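[1] Following is a predicted model, sequence given first.
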Amino acid sequence: MSAATYAPDARTAPDARITPRAHLRHTGALIRRNLLWIRQDPESMFDAILFPIVFTLLFVYVFGGSIGQSLGGGQQAYVQYVIPGLMAMMGMNMAQGVGTGFNQDFNSGVMDRFRSLPIGRGSVLFAKIAVELLRMLFATAVLLVVAVLVGFDITDWAGLLASVGLSAVFGSALMWVFLTLGVIMKNAQSVQAMGFLVLMPLQFGSSIFAPTDSMPGWLRAFTDYNPLSSLADTARGLMVGGPVAHDLWVTLGWSAVLTAVMAPIAVHKFRTKS
Amino acid sequence: MGPAIVWGMKRIDDIPRAADSAVTVRGLVKHYGETRALDGVDLDVREGTVMGVLGPNGAGKTTLVRILSTLIAPDSGQAHVAGYDVVRQPRQLRRVIGLTGQYASVDEKLPGWENLYMIGRLLDLSRRDARSRADELLERFSLTEAAKRPASTYSGGMRRRLDLAASMIGHPAVLFLDEPTTGLDPRTRNEVWDEVKRMVGDGVTVLLTTQYMEEAEQLASELTVVDRGKVIANGGIEELKAKVGGRTLRVRPADPLQLRPLAAYLDELGITGLASSTVDAERGAVLVPILSDEQLTAVVGAVTARGITVSAVTTELPSLDEVFLSLTGHRASAPQDPAPATDDTREEVAV
């Protein structure tokens, strides 16, 4: 190879700006990277397959009978109640894993290379979120199959699609939170522990798994303002009928605020962490 | 030829630098808490040359490379690479550099080819160009056979070669190699050296950090010695070798009783410019500092003429420790200084 080969051509001539098209190209190349990981290591999809199966079977068969009675219809009534809740949770669950995975990724040598390349720093994070959303769609499909097998009655396909979309919106908002944790925390275990500690009370202190009517007043004060309740109630309304508007706006509002606050923080931390 | 210098139109030229300088560093400072990782470093790398930055663990070598490749920002001071300011023009700068870290900066889960293709795309090559560039570089770094295997299955040397290939995708004008052979066995190290020499032959400017005098001598034409964030010596490699005493000739007489007489004899000879020899009784050898091949020839000739039977004659390059000893009067600072977390963990392995 001659020295002349090193002369840059016009296409790669330095330019400070990164065009939207270039952003798309970079994000696309990084999405490809994350998808190749899955191909290389199909086991990484296990959680996306097992989570919906285990949670559906657990809740429907362990708690379903007794909670269903209080809903006035037994196990089948509970299936109609809990499946929309689980559906709403899918985005959130994928979000939890994103921090752990990204923490490991961030501490690997290839991040230094990415950070020394002329790409928008957000590209690495956007690609991660895009792939997690694909995983979420996959997990949702698994959930639907299991749901139908345990007797879930899909009454409203449009509503179903809308609640999948809503779960994705809320999930990606939450992903920014976990990406930030993934960047700032020292190791993957702490990220995981942190995610568990934050999400566990939020999930169970909500209307995802059981109606909140029978909870004590102090807990209801919490569950009523818990965005996960709004998320679950919206999904329920969309999929099996009921009021939607208020909870929908609350969920969208939370998603917007989380994204607006956490996305810039995540990108900034990613950019400046040495 | 150094292309980057030719087409930089929007460069900032407010620090004095030579017209052919590819890397210019002035008064660079970086603190990590109380530790001064860099304490006012000045450095110039001329276009098309290889600058070796030699120093022990925690000397600030990695910090320097990380600043020059825009991974971290300096606290004060200025640095230009290919005419671009590291703080004010990071994006332009990133287009003209290549970086190979201490740990292979490749995605271990991806096959070699996919690594190179991905970086081609991130450097805005078209799909077709990225594909052909990946093929071309795999071929060049003898990795074609392993193109489809995940990088995690590569040997240490293959991984470094892939890393070097990845650094070359964007036709960089300046290449940073941070301890390119740390942790490699001698054979693999030679392999990597050969690759680096070929890249230099292609006209790329290289700044490489190392802990080994031998590596610096193999690759670099100029050397900057750093310790505790400060430059303690710089200059042409021959110049510095002269300063630190160059090689050491180790002559082992077959009869240990001959040690002292031999040393005394060599000192009496009066070979031009030859420093006095010392006796290493423990290992049964006379050590003679050698500055030139002429001196070496004269000493060997004298030993032969004297008729002393020798069981071994070897020449050695000074170790990093000896270089430090002669430059600073103290040993290379032990890695006990509380280097920053990243530096620390990254350099630990290199001991």
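    Perfect, thanks for sending it.
[2] Give me the phi and psi for the closest residue to residue B:78 other than its chain neighbours.
    Beyond its immediate neighbours in the sequence, the residue positioned closest to residue B:78 (CB to CB, 6 or more residues apart in numbering or on different chains) is residue B:26, lying 4.8 Å away. Where C-beta positions appear, they are placed from N, C-alpha and C, glycine not excepted. Residue B:26 adopts backbone torsions of phi -130, psi 120, taken as degrees, to the nearest 10.
[3] Let me know the distance separating residue B:26 from residue B:85.
    11 Å (CB to CB, to the nearest Å).
[4] cool, residue B:212 as well?
    Counting by CB to CB, the gap from residue B:212 to residue B:85 is 32 Å.
[5] In the helix or strand containing residue A:250, which residues are buried?
    Using DSSP states H and E, residue A:250 falls within helix A:245-272. Buried residues in helix A:245-272, counted by 16 or more other CB atoms under 10 Å in any protein chain shown: A:247-248, A:250-252, A:254-255, A:258-259, A:262-263, A:266-267, A:269-270.
[6] And for stretch B:115-128?
    In stretch B:115-128, the ones that count as buried by 16+ other CB under 10 Å are B:115, B:116, B:117, B:118, B:119, B:120, B:121, B:122, B:123, B:124, B:125.
[7] Might you report the residue contacts of the first one?
    Looking back up the chat, that one is residue B:115. Listed by CB atoms under 8 Å, 6 or more residues apart in numbering or on different chains, the contact partners of residue B:115 are B:106, B:107, B:151, B:162, B:166.
[8] residue contacts, the second one?
    Same thing as residue B:107. By CB under 8 Å, 6+ apart, the residues touching residue B:107 are A:33, A:108, A:110, B:114, B:115, B:118, B:151.
[9] neighbours around residue B:312, how many?
    For residue B:312, the count of nearby residues is 12 (other CB atoms under 10 Å in any protein chain shown).
[10] cool, the one 3 residues further on as well?
    Each residue near residue B:315 was counted by other CB under 10 Å, and the total is 12.
[11] What sits closest to it if chain neighbours are left out?
    Once its chain neighbours are removed from consideration, residue B:315 has its nearest residue in residue B:247; the separation is 4.6 Å (CB to CB, 6+ apart).
[12] Show me what the one you found bridges to in the sheet.
    Beta-bridge pairing for residue B:247 (DSSP bridges): residue B:290.
[13] shaky segments in the chain?
    Looking at chain A here, since you left the chain open. For chain A, residues meeting the criterion pLDDT under 70 lie at A:1-16, A:274.
[14] if you could check chain B rather than the one you did, that'd help
    In the prediction, chain B carries residues with pLDDT under 70 at positions B:1-19, B:104, B:242-246, B:319-321, B:328-351.
[15] Show the residue spans covered by the strands in it.
    B:21-32, B:35-46, B:50-54, B:76-81, B:84-85, B:97-100, B:174-178, B:205-210, B:222-227, B:230-236, B:247-253, B:278-280, B:285-290, B:310-316 (DSSP state E).
[16] Adding distance to residue B:326, write those strands out as TSV.
    Supplementary listing: the strands of chain B in TSV, determined by distance: least, CB to CB, whole Å:
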stretch	distance to residue B:326
strand B:21-32	25
strand B:35-46	21
strand B:50-54	13
strand B:76-81	28
strand B:84-85	36
strand B:97-100	30
strand B:174-178	26
strand B:205-210	18
strand B:222-227	11
strand B:230-236	10
strand B:247-253	11
strand B:278-280	13
strand B:285-290	10
strand B:310-316	14
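[17] out of those, nearest to residue A:146?
    Nearest of these to residue A:146, taken as CB to CB: strand B:97-100 at 47.3 Å.
[18] Format the CA atom coordinates belonging to the closest one as PDB.
    Listed next in PDB are the C-alpha coordinates belonging to strand B:97-100 (Å, rounded to 0.1, in the frame of the first residue of the first chain):
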ATOM      1  CA  ILE B  97      -6.500   9.500  14.300                       C
ATOM      2  CA  GLY B  98      -6.400   5.800  15.000                       C
ATOM      3  CA  LEU B  99      -6.200   4.300  18.500                       C
ATOM      4  CA  THR B 100      -5.100   1.000  19.800                       C
END
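[19] Could you pull out the helices in chain A for me?
    In order along the chain, chain A carries the following helices (DSSP state H): A:20-40, A:46-57, A:64-70, A:74-106, A:109-115, A:122-149, A:157-184, A:188-204, A:217-225, A:227-240, A:245-272.
[20] Need the winner for burial among these.
    Burial of those is given as mean neighbour count (mean count of other CB atoms under 10 Å in any protein chain shown); helix A:227-240 ranks first at a mean of 25.
[21] show me what contacts residue A:180?
    Contact criterion CB under 8 Å, 6+ apart gives A:262, A:265, A:266, A:269 as the residues in contact with residue A:180.
[22] how is chain B carved up into domains?
    Following automatic domain parsing, one finds the domains of chain B at B:3-242, B:247-316.
[23] Off-centre distance for stretch A:166-174?
    Distance of stretch A:166-174 from its chain centroid, counting by CA atoms, centre = their mean, to the nearest Å, is 6 Å.
[24] got the contact list for it?
    A:87-95, A:129, A:132-133, A:136-137, A:140, A:227, A:231, A:234-235, A:238, A:248, A:251-252, A:254-256, A:258-259, A:262.
[25] Thought residue A:212 was touching residue A:220, still the case?
    Yes. Taking CB atoms under 8 Å as the definition, residue A:220 is a contact partner of residue A:212 at 5.5 Å.
[26] on that earlier part again, of residue B:26 and residue B:85, which one has the most company?
    residue B:85 (19 against 16).
[27] surely that one meets residue B:79?
    Yes. With contact defined as CB under 8 Å, residue B:85 and residue B:79 form a contacting pair (7.4 Å).
[28] Now residue 269. Nearest residue, chain neighbours left out?
    This is for chain A. Nearest in space to residue A:269, with sequence neighbours left out and distances taken as CB to CB, 6+ apart, is residue A:183 at 4.5 Å.
[29] Actually, chain B is the one I wanted.
    Residue nearest to residue B:269 in three dimensions, not counting chain neighbours: residue B:302, with 5.5 Å by CB to CB, 6+ apart.
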